[in-house]
Each structure stands twice: as C-alpha cells, then as structure tokens.
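Peer 1: sequence and computational prediction follow.
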Amino acid sequence: MITIGTVYPCGGCHGSVGYPTANVNLTGNEDITTGCYAVRTKWLGGPWLIGFAQIGIMKKSVEVHILDFDGDLQGTKLIIEYRKHLRGLVRYKDMDAVKTQMQQDEKETRQYFETLGG
C-alpha cells in the first residue's frame, strides 16, 4: 500500500519531542488501518529512506517521521510505502509518554528494516 502526496505545514508537530514530522493528506482511496506503521518514503530523485508513520482515527492524513533525515520537505511530493503495521492507536497522558512511545516505534522500525537487510 502506498500514499503519494505533498507535505504540508503542521506547525512543528512532534518536533518538540525530537521527531520532526512530514504531514501528507491521505487520498481517501487507501484501505488502511489506523495506527503506527514502519514505512519507506522518498521524493522524486531522492533515495528510499525509512521511518515510521501515524494514521489517526479520522484517516485524513499521515504523519511521517523519517529517520536519520534533517531537512525541510514542505511542499515536496512524497511516496510513502507502508511496510508493517506496528501497533494500533494509543491515548497518552502527557508528552513524556508520547516521546517514550515514539522511541519504541523508532526501535521497532529499525529492527524491522534490519531483518530485511537494510
């Protein structure tokens, strides 16, 4: 399953917990479960990069956290390839709990792609 869309501004979503976010609207054609996914993503002419992505209850957009990347993708068209469903949605009591979960999502994402050979 893939999504192709343009990154729109999110006002620094999750940047305060160390995970800058590339937000992309879903097309409405995705038959996808809410939750967190291990993903690969790229832009035209760019390399495939790994990350994890969140799809919320409304299924209107996807928040992609690209690992080992520091750049501005606003206005860039991304291809997002969903590789593994990591978990369902979770309600958090505070931002520390969000950060802890995102660290776990990163760890599981890296482990998943390492088992595939990179």
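Peer 2: Structure's in. What do you need?

Peer 1: all contacts plus neighbour counts: C-alpha atoms, from now on.
Peer 2: Fine.

Peer 1: can you give me the buried ones in the longest strand anywhere in the chain?
Peer 2: If you go by DSSP state E, the chain has its longest strand at strand 77-87. Going by neighbour count (16 or more other Cα atoms under 10 Å), the buried part of strand 77-87 is 77, 78, 79, 80, 81, 82, 83, 85, 86.

Peer 1: same thing with stretch 99-107?
Peer 2: In stretch 99-107, counting by 16+ other Cα under 10 Å, buried: 99, 102, 105, 106.

Peer 1: where does the first one fall, secondary structure wise?
Peer 2: Secondary structure from DSSP states H and E places residue 99 in helix 95-115.

Peer 1: can you redo the buried residues of stretch 99-107 as TSV with distance to residue 48?
Peer 2: Compiled in TSV, those are given as follows (distance: Cα to Cα, whole Å):
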residue	distance to residue 48
99	25
102	21
105	19
106	17
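
Peer 1: export these to a markdown table and tack on distance to residue 6 and pLDDT?
Peer 2: Listed next are these as a markdown table, based on distance: Cα to Cα, whole Å; pLDDT from 0 to 100:
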| residue | distance to residue 6 | pLDDT |
| --- | --- | --- |
| 99 | 26 | 91 |
| 102 | 23 | 93 |
| 105 | 24 | 97 |
| 106 | 23 | 97 |
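
Peer 1: out of the residues you listed, which is nearest to residue 113?
Peer 2: residue 106 (10.8 Å; Cα to Cα).

Peer 1: so what pLDDT did the nearest residue to the closest one once chain neighbours are set aside get?
Peer 2: Leaving aside its chain neighbours, residue 106 sits nearest to residue 52 (6.8 Å; criterion: Cα to Cα, 6 or more residues apart in numbering). Residue 52 carries a pLDDT score of 97 in this model.

Peer 1: again with residue 62
Peer 2: 93.

Peer 1: next, it: phi, psi?
Peer 2: phi -120, psi 140 (degrees, to the nearest 10).

Peer 1: what about it, how many residues nearby?
Peer 2: Using other Cα atoms under 10 Å, residue 62 is surrounded by 23 other residues.

Peer 1: sketch out the low-pLDDT regions of the protein for me.
Peer 2: 11-17, 118 (pLDDT under 70).

Peer 1: before we move on, the earlier item: who are the contact partners of the residue nearest to residue 106?
Peer 2: 36, 37, 38, 39, 64, 65, 66, 67, 105, 106, 109 (Cα atoms under 8 Å, 6 or more residues apart in numbering).
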